[in-house]
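> the following comprises the amino acid sequence and a computationally predicted model.
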Amino acid sequence: MLNRDQLFDAMSEIPDEYLSAAADLLGYTKEDNLMHLEKNQKSTCPRKAGRILLVAAVIACLFTVTAFAAGLFSISTRIPDVKESFQIHWNDSENGYLEWSDAKLVLTFPDVNESREIEFRPGWLPFELPAELPGSAPWNGISGETWFQRFASESLCWADNAAADPADYKDIMQPILIESYSMAQFADGGAMLMLYQTPGEITEEHWDRLNVDVLSFHGSQHFDERDIPELDMHIDARDIDYDYVLLSNEEKGWIVEICGQLGMDTVRKVAENLEIRETGNTLTQADFQNKFLFIDGGVG
Amino acid sequence: MDDEDILTLYRQRQNAALEETAMKYGRLCFSVADHILQNPEDSEECVNDTWLHAWNAIPPEKPRVFSAWLSRVTRNLAISRLREASAVKRGGKEIPLVLEELSECIPGGMEPQHLLEQRELAEAVNRFLKGLNLEERNVFVARYFYAASHAELSSRTGWSVGKTKTRLRRTRLKLLSFLKEEGLC
C-alpha cells in the first residue's frame, strides 16, 4: 500500500534537469557566500556521511515523518509564535475585530473556493441518544434517524435526562461535541485556532471508509487554585482535558471535528462510526462571518 | 567556476573543490536543508555533511548536473536527520542503533522488494512530471522536492498564495489519478 513517505522519498529520484529548473525558479542557484566551509571538520570525520546514509535507508522504510512531508495531507498544523496575532471579526468591538495573540495551535487547509455542505449522523455514541439535546440541531425532537451539522452533548452534565445517567458525566463540561465545517471558510489565510488548550502529540492518518485525512491529538488546560472573595468561593487547581479528532475531505472541501472529555478511544469510536452525507448545497467563504474559528471544545 | 572545473578539483583531491562547492552551492544546499529541518544549526550541519558526502563520493561518481546532485544528497541527508530525530522521540535512542546494526545484514541497506517498489514509484512520478507543462512541473518540484513554502512560491511565480495552493492541489489530484491508473495506489 502506497503511503506518503514512499511518495516523498520517490521525489528524490526526480531527473536532474527538473531539479535544476525548479531551483532556478526559486533563485537558489545564484552564487553567494552564505555558507563557509570548515575544512578541518571535513577532513577529520570521513565516515560520518556514509553512516548517516546507511541508517537513513533503513529508517526510511520503517518510520513515518510528520507534517513536513504532508504535501498530500489535507490538514497542516503549526504552533504559532507567541507574538503572532489573528484578527478575529467581532461586531461588539470598536474596530469590528478582536486581536488574538496567544493561540496554542493553528490548523490550516487547502484553499478551496467552494465546499460541499454536509450533515452527519452518529452511528455510535457512548450514551443513548436523548430525545432532546439542547445545543444540538435540529432543536425539536431527536431520533436515531436525525442528521446533524452540530451535535453538542453538554446538557448531559446537568439535565435530568432519562436517556443517560448524569452522574456518569459529573464535572464533565462536554462529553462529545461533533461539528461540521467548510474548508472554503478558511481560504486566503484563514485558520482554525486552538485558543486555550495546549496540544499534545499530533497523529496523522487516513481512513479509507470515510475517505478522510484524520488528525488526532490531546488538548489540556491547567487552572491554578484560586479564591473568589466576592463569592466567598475557593476553586481547587485542576486540569481540563479534551481529545480531538478532525476528519478532512479535501476533494469535497469539508471538515468534521469530533472532540470530548470521555477519552481518545471513545472520541475515535464516535468518529469512526459517523455517517456523513452531502446536503446538495455548496458553500463559499462569503457564507461565513469569519475566516478564523476556535476549536477548543465548546468555545465559540 | 564552472561545474566541470569544480569536479576536476574533486578528481584531483584538492581541498579547493570543497571551497568552490560551498561558494557556489552553499545557498542552494542550505535552502534545501532548512526547508526540511527548519533549524539553521541543523541545516548548516546537514550542508557540511553534504560537502563531506561529495568529497567521499566523487570520484568515482560523476554527477551529470552537479547542482541537482547536491540538492538530492542534501535532501536525503536532511530527511535522514529528521527521521532520526523522530525515531529517537518515538522509540528511544536504541532504535536507530538497532537499525544501524541490522542494516549491516542487508546488502545495500534496503530490502530488494522495497527497492523494486520504490524504483517503480519513482519512475511513475517522473513519467507524471514529464506530462506536466513547465510551469506546473517547476512549482510541483519546488514544493515537493525542495519543500518551498507557499509564500515563497507565490513570490517567485507572481501568483497569490491562494492561487499557488489551488494550482498545487490540482496537480496533486492529477498525480493521484495518474498513480491510480498506474495501479500504484
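Thanks, I have it.
> every contact and neighbour count from this point should use C-alpha atoms.
Fine.
> and stretch B:11-21, what's buried?
For stretch B:11-21, the neighbour count (16 or more other Cα atoms under 10 Å in any protein chain shown) marks B:11, B:17, B:18, B:19, B:20, B:21 as buried.
> quick one: mean pLDDT for it?
Average pLDDT, stretch B:11-21: 88.
> chain center to that stretch: distance?
Between the centre of stretch B:11-21 and the centre of its host chain there is 22 Å, according to Cα atoms, centre = their mean, to the nearest Å.
> what are the boundaries of the strands in the stretch 201-300 of chain A?
A:203-207, A:212-223, A:226-228, A:233-235, A:238-249, A:254-260, A:274-283, A:292-294 (DSSP state E, counting those that start in this stretch).
> could I get those as JSON lines with distance to chain B and mean pLDDT?
Below are the strands of the stretch 201-300 of chain A laid out as JSON lines (distance: least, Cα to the nearest Cα, whole Å; pLDDT from 0 to 100):
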{"stretch": "strand A:203-207", "distance to chain B": "12", "mean pLDDT": "91"}
{"stretch": "strand A:212-223", "distance to chain B": "15", "mean pLDDT": "91"}
{"stretch": "strand A:226-228", "distance to chain B": "36", "mean pLDDT": "75"}
{"stretch": "strand A:233-235", "distance to chain B": "36", "mean pLDDT": "72"}
{"stretch": "strand A:238-249", "distance to chain B": "13", "mean pLDDT": "92"}
{"stretch": "strand A:254-260", "distance to chain B": "15", "mean pLDDT": "95"}
{"stretch": "strand A:274-283", "distance to chain B": "17", "mean pLDDT": "93"}
{"stretch": "strand A:292-294", "distance to chain B": "16", "mean pLDDT": "88"}
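> return the most buried member of those strands.
strand A:254-260 (a mean of 26; mean count of other Cα atoms under 10 Å in any protein chain shown).
> which residues does residue 180 contact?
Looking at chain A here, since you left the chain open. A:118, A:119, A:149, A:150, A:254, A:255, A:256, A:257 (Cα atoms under 8 Å, 6 or more residues apart in numbering or on different chains).
> which helix or strand contains the residue nearest to the fourth one when sequence neighbours are not counted?
Once flanking residues are discounted, residue A:150 sits nearest to residue A:179: 4.4 Å by Cα to Cα, 6 or more residues apart in numbering or on different chains. When secondary structure is defined using DSSP states H and E, the element that contains residue A:179 is strand A:176-182.
> that strand pairs with which strands, parallel or anti?
The strands beside strand A:176-182 in its sheet (DSSP bridges) come out as strand A:150-152 (antiparallel), strand A:254-260 (antiparallel).
> so how far is it from its chain's centroid?
11 Å.
> same check, this time on stretch A:219-233
28 Å.
> what's the following helix or strand after the lowest-mean-pLDDT helix or strand in chain B?
For chain B, counting by mean pLDDT, DSSP states H and E, helix B:94-103 ranks last in confidence among helices and strands (a mean of 47). With elements assigned by DSSP H and E, the helix or strand that comes after helix B:94-103 is helix B:112-130.
> what helices or strands is the helix or strand just after that following helix leaning on?
Downstream of helix B:112-130, the first helix or strand assigned by DSSP H and E is helix B:134-144. Packing partners of helix B:134-144 (3 or more Cα pairs under 8 Å, 6 or more residues apart in numbering or on different chains; DSSP states H and E): helix A:16-26, helix B:150-157, helix B:161-181.
> to the chain's geometric centre, what's the distance from helix B:134-144?
Computed by Cα atoms, centre = their mean, the separation of helix B:134-144 from the middle of its chain amounts to 14 Å.
> flag every buried residue along it.
Those would be B:136, B:137, B:138, B:139, B:140, B:141, B:142, B:143, B:144, for helix B:134-144 by 16+ other Cα under 10 Å.
> export it to PDB, keeping only CA atoms.
The C-alpha trace of helix B:134-144 is given here as PDB (Å, rounded to 0.1, in the frame of the first residue of the first chain):
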ATOM      1  CA  LEU B 134       6.800  23.600 -17.500                       C
ATOM      2  CA  GLU B 135       5.100  25.900 -15.100                       C
ATOM      3  CA  GLU B 136       3.200  23.200 -13.300                       C
ATOM      4  CA  ARG B 137       6.300  21.000 -13.100                       C
ATOM      5  CA  ASN B 138       8.500  23.600 -11.700                       C
ATOM      6  CA  VAL B 139       6.100  24.600  -9.000                       C
ATOM      7  CA  PHE B 140       5.400  21.000  -8.100                       C
ATOM      8  CA  VAL B 141       9.100  20.100  -7.900                       C
ATOM      9  CA  ALA B 142       9.800  23.300  -5.900                       C
ATOM     10  CA  ARG B 143       7.100  22.300  -3.400                       C
ATOM     11  CA  TYR B 144       7.600  18.600  -3.100                       C
END
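> now the angle between helix A:16-26 and it, please.
Computed by axes from the mean of the first three to the mean of the last three Cα atoms, to 10 degrees, the angle separating helix B:134-144 from helix A:16-26 equals 80 degrees.
> doesn't residue A:118 lie inside a helix?
No - assessed with DSSP: H, G, I helix; E, B strand; the rest coil, residue A:118 is strand; it does not lie in a helix.
> which residues does the spatially closest residue to it that is not a sequence neighbour contact?
If you skip the residues right next to it in sequence, residue A:118 has residue A:278 as its closest partner in space, 4.2 Å away by Cα to Cα, 6+ apart. Residues near residue A:278 by Cα under 8 Å, 6+ apart: A:116, A:117, A:118, A:119.
> burial of residue 75, as a residue count?
Just so you know, I chose chain A. Using other Cα atoms under 10 Å in any protein chain shown, residue A:75 has 22 neighbouring residues.
> that's the wrong chain, I wanted chain B
Neighbour number of residue B:75 under other Cα under 10 Å is 30.
> that one: which element?
helix B:66-91.
> against chain A - does that helix have any residue that ends up touching it?
Yes - for helix B:66-91, a contact with chain A is found by Cα under 8 Å from any Cα of the partner chain, at B:67-69, B:71-72, B:75-77, B:79-84, B:86-87.
> what about the chain, any weak spots by pLDDT?
This is for chain A. A:1-6, A:29-72, A:92, A:132-141, A:155, A:157-168, A:170-171, A:230-232, A:297-300 (pLDDT under 70).
> chain B is the one I meant
B:86-116, B:185.
> in space, what's closest to residue A:296 - neighbours in sequence excluded?
That would be residue A:194: by Cα to Cα, 6+ apart, it lies 5.5 Å from residue A:296.
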